[in-house]
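Q: Quick one, structure for this:
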Amino acid sequence: MLMAMKLEHPVNDKNSLENECVILLHGLARSAHSMDKMAERLTAQGYKVLNIDYPSRSYSIEQLAEKTISDALLQCEGMPVSFVTHSMGGILVRQFLSNHTVKNLNKVVMLGPPNKGTEIVDKLSNIPGFHLVNGDAGMQLGTGALSVPNQLGKANFDVGIIAGTQSINLILSSLIPDTDDGKVSVESTKVEGMNDHIEMPTTHVFMMRNDAVIEQVLHYLKQGKFEH
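A: Prediction:
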């Protein structure tokens, strides 16, 4: 089974946004549990939230995007749809939207996406065990011209991107030029066509649980921009 889904039911209040569906996509080698705090906060705001669990290390990016997002969209039929993604989850959205038009697409917020790939894959992919740990999809996230992120072109949808500027893994950070979050450089999070971009003092592995980051996500979903 390619994915599982955790459906969060919105609270019933006068400001309910239960007619808007927000799909959450975790990153590589993570699970839906990593997005639980984000799901809870969005649900409290009244959104219908789908916190998707997908086997990120078992298939290619193309396969993951097609099956995971197609199935999730069926649960949002007839509703405006937004995505909130962490890391590789953002690449899945770009991959899917490069082949499909989502007529009711509203906004996309990406947290630490390797939109230009990551040097970690460039430098470590040939090490024994790297493929076992990161799967086919992980091998596709290098910075070369033929990596999946660098073949997807500009964003032709409303996307805001949050980049982290702190790291708890100095070894991996030493492989990445300039400012990074421990996995992805700030520069690599950017993509042509993005609507807004903001840097925040948070790490790659914990940004989706960071209260300030979550507040920025909520602000973007409501206002179409970050609070700079």
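Q: Point me to the helix or strand that includes the residue nearest in space to the middle of the chain.
A: Nearest residue to the geometric centre of the chain (Cα atoms, centre = their mean): residue 85, 2.3 Å. Following DSSP states H and E, one finds residue 85 within strand 81-86.
Q: Mind giving me the packing neighbours of that strand?
A: strand 21-25, helix 88-97, strand 105-111, helix 211-223 (3 or more Cβ pairs under 8 Å, 6 or more residues apart in numbering; DSSP states H and E). From N, CA and C alone the C-beta is placed, and that goes for glycine too.
Q: And the contacts of stretch 215-228?
A: Outside stretch 215-228, the residues that touch it by Cβ atoms under 8 Å, 6 or more residues apart in numbering are 22, 38, 41-42, 45, 47, 82, 84, 106-107, 109, 111, 158, 160, 162, 195-196, 198, 200.
Q: in this structure, which spans are strands?
A: Using DSSP state E, the strands of the chain run over 4-8, 21-25, 48-53, 81-86, 105-111, 159-164, 196-200.
Q: and residue 172, which of those is closest to it?
A: Between residue 172 and the strands of the chain, the shortest gap by Cβ to Cβ is with strand 159-164, which sits at 12.8 Å.
Q: report the angle between the axes of the closest one and strand 105-111?
A: Relative orientation of strand 159-164 versus strand 105-111 (axes from the mean of the first three to the mean of the last three Cα atoms, to 10 degrees): 10 degrees.
Q: related to what we said a few turns ago, Serialize the helices and strands packed on strand 81-86 to TSV and add fields for mean neighbour count and distance to residue 53.
A: Output for those, formatted as TSV (neighbours: other Cβ atoms under 10 Å; distance: least, Cβ to Cβ, whole Å):
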stretch	mean neighbour count	distance to residue 53
strand 21-25	27	10
helix 88-97	26	11
strand 105-111	24	17
helix 211-223	18	19
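Q: need the strands of the chain in CSV with mean pLDDT and distance to residue 134, can you?
A: Listed next are the strands of the chain as CSV, based on pLDDT from 0 to 100; distance: least, Cβ to Cβ, whole Å:
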stretch, mean pLDDT, distance to residue 134
strand 4-8, 58, 21
strand 21-25, 98, 17
strand 48-53, 98, 18
strand 81-86, 98, 15
strand 105-111, 98, 19
strand 159-164, 98, 20
strand 196-200, 98, 25
